[in-house]
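**Student:** Turn this into a structure:
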Amino acid sequence: MNSELFSAFEALTFDDVLVVPGYTEVLPDQTDVSAQLTPEIRLNIPILSAAMDTVTEANLAIALAREGGLGIIHRNLSPQAQAAEVDKVKRSQSGMIVEPITLPPHALLREAENIMSTYHISGVPITDQDHRLVGILTNRDFRFVESSDYDRPVSEFMTSQPLITAQVGITLAEAKALLQEHRIEKLPLVDEAGILKGLITVKDIQKARQFPRATKDSKGRLLVGAAVGVGVDLEERVQLMVNAGLDVVAVDTAHGHSAGVIRAVERLRHHWPDLPVIAGNVVTAEGTEALIRAGASAVKVGVGAGSICTTRVVAGAGMPQMSAIYQCAQAARPYDVPIIADGGIKYSGDIVKAIVAGAAV
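**Tutor:** Below you'll find the model as predicted:
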């Protein structure tokens, strides 16, 4: 029998430890709880959502990003459906919507209503075949129509004259004043030829004030991540989500220290060298280093620690979470790669313990 199988070391979970308090002059409102998720992404709160089909789709991802965290859309969807969830998050809030959803004048009113319902928006710009703005349709334009009217073209309901627009480059303060002056909720941005280039809405300005700590990209859109597996549809799935504006991809598996996961990270790095990649899950220094060498921007730690995870029962595999975080963080530190603590969080104090052990998120 291999004696290494029974080599003993002490492993601890969150319930086994407490953080010993010491002297401080820092008050609670003076603390900085922001966290570096990847070299490219900094969160205002150190919280990610679980990439589970009972947890994270667009609604939670939007809510969490508005508070300063990040949602990871689960992968138990078709590639197209998962990309659609990413798209919903990216379109939910913007300083300026760079590529607003549009419809042609001949589109049916029911198409417009369906789009507005899907994306939770109150209006759609109407453009011709050359992308010139010809009108705008808002829910006020068809609030009292009959059911039979939904098969009529939007050109019969849209507002076209007068159409209030602004030039690209207008500041949010100037846009706010223009929206207030004309008592409108949407301000299309056009170039000299009348081509639609963007859209600023009252809701986006209000959301920016309501959620000042929201995590956003360079275009003012909410950040969003998504999980993928290691299968043959990896490239197709990721490309669709990148087209929708994906900010970070997570290779999400129960056992991250495996050839399939390492190859998946390498595939992602080959095709999208600038896309941040989270990889996991692992519980050892060796697993952490293997994923980092493959190209992971951050490593997710935890096997069997989740409240509904059955890995420890079914497979007899795992590691107490506090020790797993510590060992993986020590291995990742020379590479300056963040560690994500995944699972086992039952109380707010467990988040503190995870950070003390070396987790960034």
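**Student:** Could you list the low-pLDDT ranges of the protein?
**Tutor:** Along the chain, the model assigns pLDDT under 70 to residues 1-9, 305-315.
**Student:** how about the helices in it?
**Tutor:** Secondary structure of the chain by DSSP state H: the helices cover 58-66, 79-92, 109-119, 172-182, 202-210, 234-244, 259-271, 285-294, 311-314, 321-332, 348-357.
**Student:** Of all the ones you listed, which one comes closest to D149?
**Tutor:** Smallest distance to D149 across the helices of the chain (CB to CB): 6.2 Å, for helix 109-119. The C-beta positions use only the backbone N, C-alpha and C, and glycine is treated the same way.
**Student:** Only the buried residues of that closest one, if you could.
**Tutor:** Within helix 109-119, the residues scored as buried using 16 or more other CB atoms under 10 Å are L109, A112, E113, I115, M116, Y119.
**Student:** Angles on the backbone of the closest residue to M52 other than its chain neighbours, please.
**Tutor:** Once flanking residues are discounted, M52 sits nearest to H74: 5.5 Å by CB to CB, 6 or more residues apart in numbering. When quoted as degrees, to the nearest 10, the phi and psi of H74 stand at phi -70, psi 160.
**Student:** now swap in G344 and tell me
**Tutor:** Torsion angles, degrees, to the nearest 10, at G344: phi 90, psi 0.
**Student:** That one contacts D15, correct?
**Tutor:** No - look at G344 against D15 with CB atoms under 8 Å: they stay out of range, at 9.1 Å.
**Student:** Just flag the most distant two among the buried residues of helix 109-119.
**Tutor:** Maximum pairwise distance in the buried residues of helix 109-119, criterion CB to CB, is 16.3 Å, between L109 and Y119.
**Student:** Which of the helices of the chain has the highest mean neighbour count?
**Tutor:** helix 321-332 (a mean of 24; mean count of other CB atoms under 10 Å).
**Student:** residues touching the most centrally placed residue in the chain, list them.
**Tutor:** Central residue of the chain (CA atoms, centre = their mean): V224, 1.2 Å from the mean position. If a contact means CB atoms under 8 Å, 6 or more residues apart in numbering, then V224 has A61, A65, L70, G71, I73, V86, V89, K90, G245, L246, D247 as its contacts.
**Student:** Quickly note the distance from it to A294.
**Tutor:** According to CB to CB, to the nearest Å, V224 and A294 sit 23 Å apart.
**Student:** what's around the closest residue to I184 other than its chain neighbours, how many residues?
**Tutor:** Spatial nearest neighbour of I184, excluding adjacent residues (CB to CB, 6+ apart): I164 at 5.7 Å. A count of neighbours around I164, defined by other CB atoms under 10 Å, yields 15.
**Student:** OK, contacts around I164?
**Tutor:** Taking CB under 8 Å, 6+ apart, one finds L178, H182, I184, L187 in contact with I164.
**Student:** so what's the first one up against?
**Tutor:** The one in question is L178. With contacts defined as CB under 8 Å, 6+ apart, L178 is in contact with I164, A166, I170, L187.
**Student:** contacting residues for the second one?
**Tutor:** Spelled out, that is A166. Listed by CB under 8 Å, 6+ apart, the contact partners of A166 are E174, A175, L178, L187, P188, L189, V190, I200.
**Student:** ok, 10 Å please
**Tutor:** Contacts for A166 (CB atoms under 10 Å, 6 or more residues apart in numbering) come out as E174, A175, L178, L179, L187, P188, L189, V190, G198, I200.
**Student:** bridging residues for it?
**Tutor:** The partner list for A166 in beta bridges (DSSP bridges) reads L189.
**Student:** From I205, how far off is it?
**Tutor:** In terms of CB to CB, A166 sits 14 Å off from I205.
**Student:** Which neighbours do these two have in common?
**Tutor:** Among the neighbours of A166, those also in contact with I205 (CB under 10 Å, 6+ apart) are A175, L179, L187.
**Student:** ok, back up a step: quick check: nearest residue in space to the residue nearest to the centre of the chain, chain neighbours excluded?
**Tutor:** V89 (4.0 Å).
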